[in-house]
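1. here's my sequence, what's the structure:
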Amino acid sequence: MKKTFIGIICLALIFGTYFFFIYKTPITNKNSTGQTIVAFGDSLVYGTGSTQGNDFVSLVSNELGQPIINLGVPGNTSASGLARIEEVIALKPKIVIVLFGGNDFLQKIPIDTTFQNIDEIVTRIHNTGSAVILLGVRGGLLTDPYADRFEEIAKNRNTAYVPNILSGLIGNTSRMSDAIHPNDTGYKIIADKVLTVFTKEF
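-> Okay, the predicted model is just below:
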């Protein structure tokens, strides 16, 4: 009886480990038949602070050997992004890298508004049959109320996800061109994080 009980516990642990570490919900539209890869966001997508060709989008494109259309616009908030979502859809993308939220934080836009917009952006992209790689940013200095909200969207919408894309960069002058934008070194670190997702998920 004791051996049977121990056996049941062992099986439960094995299956629990499988589902926790191995089983993952498939990414929505992972096998998209779209035609392009698009990076959609604000100045971090645009590459403010980098030299020519050293923004993270260009670096990822070079490593993949595939063109990535850069639709980064400095100063864009999540609302700005939502207002130009048709630009993305018109490109018939198979994968869209989405990065918004930094300017919302700087402009003190209500957190619910920010994440309603980001969720709508992701949903609109999914509705076209495209996959999303969602990139997160930090939403505070001492605490980060954005973290759970980004994770919630990534989980609920089944996107690929990179949390807090500026982790390890903010405050490190060797990796930043100013207080909020990386330099070439910093963008290389971001590119490596995004490339890891491409390698693992696509």
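2. show me how far stretch 60-73 is from its chain's centre.
-> Between the centre of stretch 60-73 and the centre of its chain there are 14 Å (CA atoms, centre = their mean, to the nearest Å).
3. avg pLDDT for that stretch?
-> Model confidence over stretch 60-73 averages 98 on the pLDDT scale.
4. ends of that stretch, what's the gap?
-> 18 Å (CA to CA, to the nearest Å).
5. buried sites along it?
-> 60-61, 68-73 (16 or more other CB atoms under 10 Å). Any C-beta I mention is one placed from the backbone N, CA and C, and that applies to glycine too.
6. output stretch 179-193 in PDB, but only the C-alpha positions, please.
-> What follows is the C-alpha trace of stretch 179-193 in PDB, where atoms were taken according to Å, rounded to 0.1, in the frame of the first residue of the first chain:
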ATOM      1  CA  ALA A 179      18.000  58.200 -19.600                       C
ATOM      2  CA  ILE A 180      15.500  56.100 -21.600                       C
ATOM      3  CA  HIS A 181      17.100  55.100 -24.900                       C
ATOM      4  CA  PRO A 182      19.800  52.500 -25.300                       C
ATOM      5  CA  ASN A 183      23.000  53.000 -27.200                       C
ATOM      6  CA  ASP A 184      24.400  50.400 -29.700                       C
ATOM      7  CA  THR A 185      25.500  48.100 -26.900                       C
ATOM      8  CA  GLY A 186      22.100  48.300 -25.300                       C
ATOM      9  CA  TYR A 187      20.200  47.600 -28.500                       C
ATOM     10  CA  LYS A 188      22.400  44.600 -29.100                       C
ATOM     11  CA  ILE A 189      21.300  43.200 -25.800                       C
ATOM     12  CA  ILE A 190      17.600  43.800 -26.700                       C
ATOM     13  CA  ALA A 191      18.200  42.200 -30.100                       C
ATOM     14  CA  ASP A 192      19.600  39.100 -28.400                       C
ATOM     15  CA  LYS A 193      16.500  38.800 -26.200                       C
END
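7. next, the contact list for residue 151, please.
-> 136, 161, 163 (CB atoms under 8 Å, 6 or more residues apart in numbering).
8. tell me which helix or strand comes right after the helix or strand it falls within.
-> Assigned by DSSP states H and E, residue 151 falls within helix 145-157. Beyond helix 145-157 on the C-terminal side, the first helix or strand identified by DSSP H and E is strand 160-162.
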